[in-house]
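**Q** with the input below, show me the fold.
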Amino acid sequence: MQWQDEGIVIGVRRHGETSVVAELMTRARGRHLGLVRGGRSRSMQPVLQPGNRVDAVWRARLDEHLGDYRLEPVQLRAARLMEQATAVYGVQAMGALLRLLPERDPHPHLYEALNIILDHMDDPAGAGELFVRFELAVLNDLGFGLDLTECAATGRREDLIYVSPKSGRAVSREAGAPYADRLLALPPFLAPDASVGATSKSLVEAFRLSGFFLHRHVYEPRGIQQNAAREGFVQAALKVMARLEAPGSPAETGRAGEPVLAPPAEDLMPPRE
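**A** Here you go, the predicted model:
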């Protein structure tokens, strides 16, 4: 058996003295592993770095075998990604999210989203918003997508500011007012009629929102812990946003909301019931 596809390196582990097992997120075949013979050589090590885009040819006698990869570089962006803390943590955290999906299960839209986000990871101000949207997309593909298009109680599409922790559906200001202390905040940039970008305050709300549903529907039922890289990414992204929104910052003009400091990690954990 043989196929050719484009893929993004999301992980590598040693295999024997000279080879490695490469984990790719491919465009048409999802997350797929394969053996790279000579993968620990000087010529291949720069190619097999997380975040790099490669052209992959996979061969095996049977489809269920691990198979061999022959990889050619298409876009080597690992060196650039290592320049920002958000990018270093972000690549690891998105790889961990993709491992929640079944191996060899196609998710072409997630491949495209990953490719776009990696191209914009050198913009720390926008990386947080893109990362949250990626988490929500993974949740959706796992069957636990949120419905943020209309109010769960009234069907209205305007003034949506809450999310029900039970149903994962949006709730309007008026309908949610009596239960505000039990609802999650819907960040303005995730609302269906959003016309603003993320601020540090809305990113805190967004990370809490996606983290809550990942914990409830994925991590807790599977008995696994959230990847530590996510916490590192959250802290790095919020510190950058706080710096950009600080008084006197060149990026302050045109940004709504008050600057906030990165909260303690425990404040971003989903509430316990």
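
**Q** distance check, L214 against V234.
**A** L214 sits at a distance of 13 Å from V234 (criterion: Cβ to Cβ, to the nearest Å). Quick note: C-beta positions are derived from backbone N, CA and C, even for glycine.

**Q** between those two, who's got more neighbours?
**A** Applying other Cβ atoms under 10 Å to L214 and V234 shows that V234 carries more neighbours, namely 26 against 22.

**Q** CA atoms of stretch 225-243 as PDB?
**A** Extracted C-alpha coordinates of stretch 225-243, given in PDB (Å, rounded to 0.1, in the frame of the first residue of the first chain):
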ATOM      1  CA  GLN A 225      -4.800  15.200  32.700                       C
ATOM      2  CA  GLN A 226      -4.700  18.300  30.600                       C
ATOM      3  CA  ASN A 227      -1.400  18.700  28.700                       C
ATOM      4  CA  ALA A 228       0.800  21.100  30.700                       C
ATOM      5  CA  ALA A 229       1.700  23.000  27.500                       C
ATOM      6  CA  ARG A 230      -1.800  24.500  27.500                       C
ATOM      7  CA  GLU A 231      -1.100  26.300  30.800                       C
ATOM      8  CA  GLY A 232       2.200  27.600  29.500                       C
ATOM      9  CA  PHE A 233       0.500  28.900  26.400                       C
ATOM     10  CA  VAL A 234      -2.300  30.600  28.300                       C
ATOM     11  CA  GLN A 235       0.100  32.300  30.600                       C
ATOM     12  CA  ALA A 236       2.400  33.500  27.800                       C
ATOM     13  CA  ALA A 237      -0.500  34.700  25.700                       C
ATOM     14  CA  LEU A 238      -2.100  36.700  28.500                       C
ATOM     15  CA  LYS A 239       1.200  38.300  29.500                       C
ATOM     16  CA  VAL A 240       1.700  39.500  25.900                       C
ATOM     17  CA  MET A 241      -1.900  40.900  25.800                       C
ATOM     18  CA  ALA A 242      -1.500  42.600  29.200                       C
ATOM     19  CA  ARG A 243       1.800  44.200  28.000                       C
END
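
**Q** that stretch: which residues count as buried?
**A** Neighbour counts over stretch 225-243 (16 or more other Cβ atoms under 10 Å) mark 226-227, 229-242 as buried.

**Q** for L136, which three-state class applies?
**A** Three-state assignment for L136 (DSSP: H, G, I helix; E, B strand; the rest coil): helix.

**Q** residue contacts, it?
**A** G145, L146, L190, S210 (Cβ atoms under 8 Å, 6 or more residues apart in numbering).

**Q** I'd assumed G128 was in contact with the last one.
**A** No: under the criterion of Cβ atoms under 8 Å, S210 lies out of contact with G128, with a separation of 11.1 Å.

**Q** those two - which one has more neighbours?
**A** Legend: neighbour count by other Cβ under 10 Å for S210 and G128, higher for G128 (27 against 23).

**Q** can you tell me the closest non-neighbouring residue to the more buried one?
**A** A237 (3.7 Å; Cβ to Cβ, 6 or more residues apart in numbering).

**Q** which stretches of the stretch 51-200 of the chain form helices?
**A** 78-81, 85-98, 108-119, 124-141, 173-176, 200-214 (DSSP state H, counting those that start in this stretch).
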